[in-house]
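Q: Would you be able to build a 3D model of this:
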Amino acid sequence: MRRPVVKVSVDENQCQGHGLCFMTSPDVFALRDDDGHAYVLPDGDAPEHAGEAKAGAASCPERAISVD
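A: Okay, here's the model as predicted:
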């Protein structure tokens, strides 16, 4: 079983649906149809996406994304 290098999460209370994380990192993030808020894709925490996850988090103006 693979182990993620990072844990990626989106704080739903802080996310405002700007979509910058998705535009920056479409292999890690997607946007919900109902409100446009971001969520982490099932393989978004895969080791090969670690750099992309950090770039997506850095692009968030609300700082709603954490990468641990």
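
Q: So what's the residue count around the nearest residue to residue 28 once chain neighbours are set aside?
A: Spatially, and ignoring its direct neighbours in sequence, residue 28 is nearest to residue 44 (4.0 Å; C-beta to C-beta, 6 or more residues apart in numbering). All C-beta spots, glycine's among them, are computed from the backbone N, C-alpha and C. By other C-beta atoms under 10 Å, 21 other residues sit near residue 44.

Q: shouldn't residue 44 be in contact with residue 8?
A: Yes. In this structure residue 44 lies within contact range of residue 8 using C-beta atoms under 8 Å: 5.3 Å.

Q: okay, and the common contacts of these two?
A: Common neighbours of residue 44 and residue 8 (criterion: C-beta atoms under 8 Å, 6 or more residues apart in numbering): 28, 53.

Q: and residue 14, how many neighbours does it have?
A: Per other C-beta under 10 Å, the neighbour tally for residue 14 reads 13.

Q: In contact with it, which residues?
A: Here residue 14 is in contact with 62-64 (C-beta under 8 Å, 6+ apart).
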